[in-house]
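Trainee: my questions concern the predicted model and sequence given below.
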Amino acid sequence: MFTLLLSLLVQAPQTPVAPVIVSPAPPVADIDMRQLKGALVRQLAWSPDQTELYLQTYDANRDASVKVTYHYVIAALDGARRQVEVPPGWAVAYHQWKSAQASPDDALWKIDVSSERKIQSATSIPMGGDLARGGSVDASGGISAHTVTAAMAQSDNINVYTMRLGNEVVGEWTNHPIVPGLTFGWAPRGHTLIAFADKAGQLAVMDRAGQAVRVAGTQKVTLPAWSHDGTHLAFLQQKDRHTYTLIVASVSRR
């Protein structure tokens, strides 16, 4: 009986998963880091009513650890922002599932983290996460990715931390502590999707079957963040040395 049941399960046709369509809208706003406190970005979160976004920035110590954080609330419609003293409660709750190691829908769909020590010339060492993709913002006393890399790579011994989900690399860090959620963002419960910046810095969305859709025209992407209903995806795209562009894309299935 068990053998027959197993045979039926194996032969049962799989329901095709509808392709995901990601359609970026015109930019919401440019975020000039020279006008904000903090040299680097760390978190992006949606409010439950989806009218606001929370942005966390920070300054780093010489070892790349967090020195101090700053907090901003941004209107999702027009990018108007205000600084707040502490993260809103909804931002804290959001980030817990957005940046977790496993999907909110499936504990077995889990990011694998590995580390490797290499010997490499300091002149060719890439940085991890969004810093690897051209991020070298160094405003108001902050420390740039280049400075951190150079300081930590004098011995030519480098530590590479890689986050993989299936066949995709969803984050890679060199001589830099992993920042959870900086390069990826789980979709909310009920959608079983993940958005991430691939190794080229392009935005991608992957489903549980491992099918990934790249979003044409995106580059140097960081902090992908889903709205609570899963129909919108916000992310930052680095425009130049000091500026990120905040973009909100609509997400649907064909």
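Mentor: Arrived safely, thanks for sending. Numbering: from 1, shown residues only.
Trainee: the closest residue to Ala197 other than its chain neighbours - how many residues pack around it?
Mentor: With CB to CB, 6 or more residues apart in numbering as the criterion, Ala197 has its nearest non-adjacent residue at 4.2 Å, and that residue is Val221. The way it works is simple: take the backbone N, C-alpha and C, and place the C-beta from them, glycine included. By other CB atoms under 10 Å, 25 other residues sit near Val221.
Trainee: need the pLDDT of Val221.
Mentor: pLDDT recorded at Val221 is 97.
Trainee: Ala197 contacts Glu172, doesn't it?
Mentor: No: contact between Ala197 and Glu172 fails when scored by CB atoms under 8 Å: they sit 10.2 Å apart.
Trainee: the more surrounded of those two?
Mentor: A count of neighbours by other CB under 10 Å puts Ala197 above the other of Ala197 and Glu172, at 30 against 19.
Trainee: contact partners for that one?
Mentor: By CB atoms under 8 Å, 6 or more residues apart in numbering, Ala197 lies in contact with Asp130, Arg133, Val170, Thr183, Phe184, Leu203, Ala204, Val221, Thr222, Pro224.
Trainee: may I have the beta-bridge partners of it?
Mentor: Leu203 (DSSP bridges).
Trainee: distance of the residue nearest to Ala197 relative to Lys239?
Mentor: Distance of Val221 to Lys239, computed by CB to CB, to the nearest Å: 12 Å.
Trainee: can you tell me the SS state at Tyr94?
Mentor: helix (DSSP: H, G, I helix; E, B strand; the rest coil).
Trainee: can you count the residues close to the nearest residue to it once chain neighbours are set aside?
Mentor: Closest residue to Tyr94 apart from its sequence neighbours, by CB to CB, 6+ apart: Ala45 at 4.0 Å. Applying other CB under 10 Å, we find 27 residues neighbouring Ala45.
Trainee: do the one 3 residues further on as well
Mentor: If you count neighbours by other CB under 10 Å, Pro48 ends up with 13.
Trainee: got it, and Tyr94?
Mentor: For Tyr94, the neighbour count with other CB under 10 Å is 25.
Trainee: check Met206 too.
Mentor: The number of residues packed near Met206 is 24, by other CB under 10 Å.
Trainee: could you do Lys220 as well?
Mentor: The tally of other residues near Lys220 (other CB under 10 Å) stands at 21.
Trainee: and the residue lying closest to it once chain neighbours are set aside, how many neighbours?
Mentor: Excluding the flanking residues, the one nearest Lys220 by CB to CB, 6+ apart is Gln238, at 3.9 Å. Neighbourhood size, Gln238 [other CB under 10 Å]: 23.
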